[in-house]
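J.: quick one, fold the following:
(chains A and B, ligands or ions: 2)
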Amino acid sequence: MDKIPILRMGAFLLVTIQVDLYDRLALNLEADLVQMVNKTSAKGVLIDISAVSIVDSFMGRIIGNIASMSKILDAETVVVGMQPAVAITLIELGLPLKGVHTALDMEKGMKLLKSMIDETEEDADEDQTHDDFIAE
Amino acid sequence: MMTLSLSKDTIQVLKEQDVVFLKNRIKETAVKIKMGLVNQTRLLTAASELVRNMMRYADGGVCIIEVVSSGRVNGVRLTFSDRGPGIPDIQAAMRDGFSTGKSLGLGLPGTKRLVNEFDIKSKVGQGTVVTILKWANG
Ligand SMILES: Nc1ncnc2c1ncn2[C@@H]1O[C@H](COP(=O)(O)OP(=O)(O)OP(=O)(O)O)[C@@H](O)[C@H]1O
Ligand SMILES: [Mg+2]
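T.: Ligands and ions are numbered 1, 2, ... in the order given. Sure, this is the predicted structure:
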């Protein structure tokens, strides 16, 4: 079965989508990513869609699902490199990418993730009892 | 507006591979008439919504790809027809957020916003025909 590789980099998971996804591939990615976030206790998910030329409501929903499920598992999702034509089309289509952060490229996406995680860690400092369970 | 059909291509869509093939053909056609990139993206996204509906609600159907001309400009017209259950209330189906498939209900109204011309005809028990047209520019 076709799979999109998920790379682990420290507390982050990186996914580069190099082809226009057909539905089954997108569904597999959704399941794999959520599983990986759970297994690795990742704090952030970066999805590079710079090579994707079409995001329809189905794909948009998958991206939204990944973001909201990751959020439940305490990870933020950043989508990077969305082509301008895709961004315009998504707006006209009326698709709300709820809970999904966007950045221009991987570097900026990484920065954004780091800043979001720093913020949540500051919040967590007040109540440190959970940290021991997360550490591997 | 009078439009002239310059070429016509009929593609059966029953399986997921057919969907990939269809999208490639639409893309080729759009490129051939030098459609702008944003319009190509709009057209392909619209097609993606309609072909998904056809697969999900009607187990597939047929798409006709035409190059049309108004004399001055060319465009791509796509006609999706199926022999599925049909849509009992088209007005409702065209509303943002209406879905019988537990989905976002964006496909039809969103598609209409992405194209220059949009037409939908449906008869319960007979099927559904959706026609869209996108000009190369504008
Ligand atoms: N080809 C079709 N045959 C029968 N019913 C259809 C067809 N296309 C759409 N419908 C009906 O119209 C409704 C609205 O379609 P639309 O594409 O707007 O939303 P959706 O498919 O439910 O959700 P989304 O496209 O956002 O995933 C569908 O829920 C379905 O009931
Ligand atoms: Mg739909």
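
J.: not counting sequence-adjacent ones, nearest residue to whichever residue of chain A sits closest to ligand 2?
T.: Closest residue of chain A to ligand 2, C-beta to the ion: A:S57 (6.5 Å). Every residue, glycine included, has its C-beta placed from N, CA and C. Nearest residue to A:S57, sequence neighbours excluded (C-beta to C-beta, 6 or more residues apart in numbering or on different chains): B:L106, at 4.6 Å.

J.: again, but for B:K112
T.: On the basis of C-beta to C-beta, 6+ apart, the spatially nearest residue to B:K112 that is not a chain neighbour turns out to be B:F118, at 4.3 Å.

J.: for that neighbour, which three-state class applies?
T.: The three-state label for B:F118, taken from DSSP: H, G, I helix; E, B strand; the rest coil, comes out as strand.

J.: do I have it right that it meets B:G107?
T.: No. B:F118 lies out of contact with B:G107 (C-beta atoms under 8 Å); the separation is 12.0 Å.

J.: quick check: the residue of chain A nearest ligand 1.
T.: Nearest residue of chain A to ligand 1, counting by C-beta to the nearest ligand atom: A:S57, 4.2 Å away.

J.: which elements pack onto whatever helix or strand B:S7 lives in?
T.: B:S7 belongs to strand B:4-13 when elements are defined using DSSP states H and E. The elements that strand B:4-13 packs onto, with contact taken as 3 or more C-beta pairs under 8 Å, 6 or more residues apart in numbering or on different chains; DSSP states H and E, are helix B:16-32, helix B:37-58, strand B:61-69.

J.: follow-up on the earlier one: the residue of chain A closest to ligand 2 contacts B:G110, correct?
T.: Yes. A:S57 sits in contact with B:G110 when judged by C-beta under 8 Å, with a separation of 6.5 Å.
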